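> okay, predicted coordinates and the sequence, questions at the end:
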There are 2 protein chains.
Amino acid sequence: MTLGVRHDDLRRRNRAMVIAAIRREGQPSRTDLVSRTGLSHSTISAISSDLIAEGVLRPVKTGENEIVRRGRPQVSLGLEPKAATVLTVVLLLNTLSATVFDYAGQIVAQRRERLATLGATRDDLVGSVMRMIAAVLGDAGRVPKDIMRMTMAVQGITDSDARTMLWTPITPESDIPFADILEKHFAFPVTVQNDCNMIAVALRARDPERYRDNFVTLLLSNGIGMGLVLRGELFTGAYSSGGEFGHMVHRPGGALCRCGRRGCIEAYAGNYAILREAAGRSDQTAADADVDPQTMLELANDARAGEGPARDAFRRAGEAIGYGLGSLFALIDPAPVAIVGPGTLAFDMMEPSIRDAIAQTAGGQHDAAISFDLETDEMPLILEGSARRALEAVDNELFAPGYIATMQATS
Amino acid sequence: MTLGVRHDDLRRRNRAMVIAAIRREGQPSRTDLVSRTGLSHSTISAISSDLIAEGVLRPVKTGENEIVRRGRPQVSLGLEPKAATVLTVVLLLNTLSATVFDYAGQIVAQRRERLATLGATRDDLVGSVMRMIAAVLGDAGRVPKDIMRMTMAVQGITDSDARTMLWTPITPESDIPFADILEKHFAFPVTVQNDCNMIAVALRARDPERYRDNFVTLLLSNGIGMGLVLRGELFTGAYSSGGEFGHMVHRPGGALCRCGRRGCIEAYAGNYAILREAAGRSDQTAADADVDPQTMLELANDARAGEGPARDAFRRAGEAIGYGLGSLFALIDPAPVAIVGPGTLAFDMMEPSIRDAIAQTAGGQHDAAISFDLETDEMPLILEGSARRALEAVDNELFAPGYIATMQATS
DNA sequence: TTATTTTTTTCGAGGCTCGAAAAAAAAGAG
DNA sequence: CTCTTTTTTTTCGAGCCTCGAAAAAAATAA
């Protein structure tokens, strides 16, 4: 049950608010903070001087963009890059990358390598991740105890505690408790997140006007991923990362899906499904584990050239996505949709049938609210979202009792 | 953007917490409140004596159930019935009822009448509601300015501001702004809520062990309604009351639904759909506006008697519900399901196919978490949920600045 | 050099919660 | 019947926190 609000929570919350505002705004002055947070000048002054003394914030000299006016000039406050260091690891099909960020969100060091995930054993995967972390920490000139938080983004389903990769399309291995393994080895806190959720986090940070309280991100690739933000919060399931849009049922008992079930949206709209259909193979054929982007581009060009199996396949894919969005919108009301990933390259071939299908559903009522934004390259978004997630976790730890002691002990 | 926490918010929140705890627990002592809220004895003492002085709480003598122990006996605190009066109106197919509750949640007066909603014009409906409110207020010996809050529960879709009935199956009329109309006439605040959402509110109050953070309520009747609680909060859409489970797409382009679209879950699982199928009519036949419960009981008995069209119809209905739940659970993870309404009388004929269908979907993975509770009579739940909603709104208004002044002015 | 303007800090007042101690209210013991 | 013990509730002073007003600081304009 909900606990009463203690007196010291008050300061902690207001500190959190100030830091969050600075992370959003970039380099606001104290006066900006007053208007953003609704707190008084006195309070902002007290909190910010505390945070500066603790090494979390620093006054920054704004060079050019300042309007020269009468009166005492505003002093902008920025996050102190040295206040903390965080680490992100992104594990996707055949790709592994690790990045070190400073507290201000700037990249300190980055590594990326190809990794044949499909054939990799559990130990291969864990070992590769560990080696890459060690290497990138070396590049950045940091040791594990400098890292205050790590976020790992993976393709697939994670548990709701963000500790274990429950299932993934990138390897037959499942239930890998990355957080436990890495925390044991490196001794910094780790969370494991779904890649699409990280995309959603990044989009909200990039364009808060458009992506704020309710929106959907779809990742169109060999599978179909979804990130869902409802009421301004990332939606996750009760047990898992949830949001398995690709495995909502499009046609009961229909086409064979990569997950082994039948009729999932993915079994019509995933790259493998589009290829299978365009190639005239039965929709009960086993799925390809990976489809070359080049192949999909050629398929899209075939479809653009005129009617034929390729165009039909994309139409069918669009229909599956459209009915799925329609059902989703029946539940949550229409919302802006961001389409991310390689699938955007053929989105023009799918959009008409998506819109037709949505119009057939209850979700199609307010279709003015439905718009599609495209972003082909998902990798920068995943990285940005992961970093943001790790940094925001640090932001909030800074106010926990004992933070100051910890900082002094480690710095 | 989120505002800073002011100093006076603190007291307001803690007062809210105390009142909420008392509404949940019934008649806790101050010591109980200390452990429930985590606040100190001093704070609880201060807040409760304030609330007693303001006439919101009262010390109650617990008669029997008290364990006789050494030491100063605990004094239980209860809600003061005279602190406020709320009103609920429930408008369903062919039924209208209005109830007056005191602040402790006891019924003061109640009226109920049959009303031929299907043939009623907008003015008929509004007029009937107004007359019934006036009558029940008379029964209760209250005047409109005694009422601090009214909740109206309606079958159908409401807007997310809870002010307008956007669409309803009980009459062809749509977009009736009940809240505006009634507030103008009676001058007390009104909200308009979806009936299934009120059922969810009531279930959570009745059995907080089982229905707490995540659960689903399905109302099986001529149509299919849903109430959804996620993360402990009633889920509503961005524009509407949302949760249109019955209009998720089961079979694209399939059976004709009452809403005019094709393939909705309701077009297979609503009473009219089951009857249509069992009677051997085409699934493109127009829906009956209402189906006699007696007819459904006979149909269920036909089905229980052995294989045949009736059994097939229920099986098909179960399949639609099952795939729908499967898709829902793919998004939100499995959760307990409460099945409410006349449809429960034939639930035994549907449950096997529901479970079979769910097992075919991604949502069926953790099917241990899926359980069905049945409750045939929805009316008491709707009433209880509506009252609770109104009372909780009053609970929270009591802490708004100016509350004390208002109370003194009106009492 | 002085006045004006704007930002930031300082200072005292008022509220709130907390822990400890005191008061209250009952049962049990002698 | 009185005193002790036990438990609940209230009181009291300390410590924070936020706020508004006033003061200080830091720049431009005259």
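Arrived safely, thanks for sending. Numbers count the residues shown, from 1 in each chain, chains lettered A, B, ... in the order given.

> thought residue A:248 was touching residue A:321?
No: Residue A:248 is beyond contact range of residue A:321, at 10.4 Å (criterion: CB atoms under 8 Å). Heads up, the C-betas are built off the backbone N, CA and C, glycines and all.

> mind listing the shared neighbours of the two?
Common contacts of residue A:248 and residue A:321, defined by CB atoms under 8 Å, 6 or more residues apart in numbering or on different chains, comprise residue A:265.

> residue ranges of the strands in chain A, please?
A:57-60, A:76-79, A:85-92, A:95-102, A:107-114, A:147-154, A:157-158, A:165-167, A:190-194, A:215-220, A:224-230, A:233-234, A:337-340, A:372-375 (DSSP state E).

> can you list these in CSV and add mean neighbour count?
Shown next, in CSV, are those (neighbours: other CB atoms under 10 Å in any protein chain shown):
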stretch, mean neighbour count
strand A:57-60, 17
strand A:76-79, 22
strand A:85-92, 26
strand A:95-102, 21
strand A:107-114, 15
strand A:147-154, 25
strand A:157-158, 26
strand A:165-167, 22
strand A:190-194, 25
strand A:215-220, 27
strand A:224-230, 26
strand A:233-234, 15
strand A:337-340, 24
strand A:372-375, 16
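
> format those as a markdown table; extra columns: mean pLDDT and distance to residue B:350.
Formatted as a markdown table, the strands of chain A follow (pLDDT from 0 to 100; distance: least, CB to CB, whole Å):
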| stretch | mean pLDDT | distance to residue B:350 |
| --- | --- | --- |
| strand A:57-60 | 94 | 60 |
| strand A:76-79 | 96 | 57 |
| strand A:85-92 | 98 | 42 |
| strand A:95-102 | 98 | 46 |
| strand A:107-114 | 98 | 51 |
| strand A:147-154 | 98 | 38 |
| strand A:157-158 | 95 | 29 |
| strand A:165-167 | 95 | 30 |
| strand A:190-194 | 97 | 34 |
| strand A:215-220 | 96 | 31 |
| strand A:224-230 | 95 | 29 |
| strand A:233-234 | 92 | 34 |
| strand A:337-340 | 96 | 34 |
| strand A:372-375 | 94 | 38 |
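
> in the stretch 101-250 of chain A, which spans are helices?
Using DSSP state H, counting those that start in this stretch, the helices of the stretch 101-250 of chain A run over A:122-140, A:178-186, A:195-206.

> and the ones you listed: which comes nearest DNA strand C?
helix A:195-206 (24.8 Å; CB to the nearest atom of the strand).

> what's the spacing between residue A:168 and residue A:194?
Per CB to CB, to the nearest Å, residue A:168 is found 10 Å from residue A:194.

> related to what we said a few turns ago, need the winner for burial among the helices of the stretch 101-250 of chain A.
Highest mean neighbour count among the helices of the stretch 101-250 of chain A (mean count of other CB atoms under 10 Å in any protein chain shown): helix A:195-206, with a mean of 25.

> elements contacting that helix?
Secondary-structure packing of helix A:195-206 (3 or more CB pairs under 8 Å, 6 or more residues apart in numbering or on different chains; DSSP states H and E): strand A:147-154, strand A:215-220, strand A:224-230, strand A:233-234, strand A:337-340, helix A:379-397.

> for the record, mean pLDDT for it?
Mean pLDDT, helix A:195-206: 97.

> mind listing what the residue nearest to residue A:289 when sequence neighbours are not counted touches?
Nearest residue to residue A:289 in three dimensions, chain neighbours excluded: residue A:118, at 5.5 Å (CB to CB, 6 or more residues apart in numbering or on different chains). Applying CB under 8 Å, 6+ apart to residue A:118 gives the contacts A:93-94, A:170-172, A:289-290.

> follow-up on the earlier one: include distance to residue A:39 when you put the helices of the stretch 101-250 of chain A into JSON lines, please.
As requested, these are arranged in JSON lines below (distance: least, CB to CB, whole Å):
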{"stretch": "helix A:122-140", "distance to residue A:39": "36"}
{"stretch": "helix A:178-186", "distance to residue A:39": "36"}
{"stretch": "helix A:195-206", "distance to residue A:39": "23"}
